[in-house]
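1. only geometry, no sequence info:
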């Protein structure tokens with residue numbers, strides 16, 4: 001399997017002062033629902049999804065975007081927040097003239113994917129939400145403490161630091177991005193009714209040693225009608241995958257496993 005994908009189209013969506021970088025992969029003439037990819041904090045399109053893009057774009061159109069201050073997208077004089085990032089994505093889809101997508105988001109991108117499914121149900125057919133909690137209590141406390149204390153020296157020499165400096169329109173701004181991630185507004189604590197009530201079938205994934213608590217993932221599944229005997233009740237539209245031997249930062253690194261479960265879910 002190829003480990004890279006050449007985009008068929010790239011560009012910047014002019015969203016006020018934000019120039020949001022996006023890529024399109026796959027044959028745009030295939031029809032069907034496009035898949036939108038949303039990366040996690042400190043990652044970008046290539047770092048998060050590069051190995052998955054060849055498989056995911058086979059037979060479907062894939063759109064991937066870099067969030068504010070990440071990858072090739074510029075930063076703004078505003079905090080990072082899930083509501084603001086969600087608004088950027090809604091504006092990007094409008095710019096591209098796309099009225100409905102499947103969405104696959106990881107961590108911060110997973111929180112945005114969930115917000116899209118709840119607040120903008122007309123835009124989302126199916127959702128893959130990976131390593132993102134729907135309430136603050138779903139995250140292990142040491143995760144937010146570690147992110148809040150992160151400095152450039154701590155990530156020097158990592159792919160995240162190298163990729164930021166290679167792509168960012170302001171490569172000197174890495175500590176500023178770390179500070180914003182440390183203060184990230186994670187968005188609302190969704191109510192049980194919010195989680196139970198939105199329409200899009202959802203694949204919720206976590207690592208078995210993730211920053212998201214396992215009991216939180218099971219609670220999500222139950223709110224969405226899961227945790228049933230599928231042989232008698234049928235397989236629910238919302239599903240749960242727990243990836244073995246997987247941390248938060250390694251969340252979707254098992255390419256073959258993740259590609260198979262995501263593609264199977266989207267094609268169901």
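-> Cool, got the structure. Everything numeric in this text was worked out from a predicted model, so none of it was measured. Numbering: from 1, shown residues only.
2. which stretches of the chain form helices?
-> Assigned by DSSP state H, the chain shows helices spanning 45-49, 53-56, 82-96, 108-119, 141-148, 152-155, 159-167, 174-182, 192-197, 214-223, 230-233, 255-266.
3. indicate which one of these is closest to residue 125.
-> Checking those against residue 125 by C-beta to C-beta gives helix 255-266 as the closest, at 8.8 Å. C-betas here are computed from N, CA, C, even on glycine.
4. circling back: let me have the helices of the chain in JSON lines, adding mean pLDDT as columns.
-> Output for the helices of the chain, formatted as JSON lines (pLDDT from 0 to 100):
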{"stretch": "helix 45-49", "mean pLDDT": "97"}
{"stretch": "helix 53-56", "mean pLDDT": "96"}
{"stretch": "helix 82-96", "mean pLDDT": "97"}
{"stretch": "helix 108-119", "mean pLDDT": "98"}
{"stretch": "helix 141-148", "mean pLDDT": "70"}
{"stretch": "helix 152-155", "mean pLDDT": "94"}
{"stretch": "helix 159-167", "mean pLDDT": "97"}
{"stretch": "helix 174-182", "mean pLDDT": "95"}
{"stretch": "helix 192-197", "mean pLDDT": "98"}
{"stretch": "helix 214-223", "mean pLDDT": "98"}
{"stretch": "helix 230-233", "mean pLDDT": "95"}
{"stretch": "helix 255-266", "mean pLDDT": "97"}
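5. for residue 131, which of those helices is the nearest?
-> Closest among the helices of the chain, using C-beta to C-beta: helix 108-119, at 6.0 Å.
6. in the sheet, who's paired with the residue nearest to the spatial centre of the chain?
-> By C-alpha atoms, centre = their mean, the chain has its centre lying nearest to residue 105, at 1.8 Å. In this entry, residue 105 is beta-bridged to residue 38, residue 129, by DSSP bridges.
7. so who does the nearest residue to residue 176 once chain neighbours are set aside touch?
-> Closest residue to residue 176 apart from its sequence neighbours, by C-beta to C-beta, 6 or more residues apart in numbering: residue 75 at 6.9 Å. By C-beta atoms under 8 Å, 6 or more residues apart in numbering, the contact set of residue 75 is 68-69, 170, 173, 176-177, 180.
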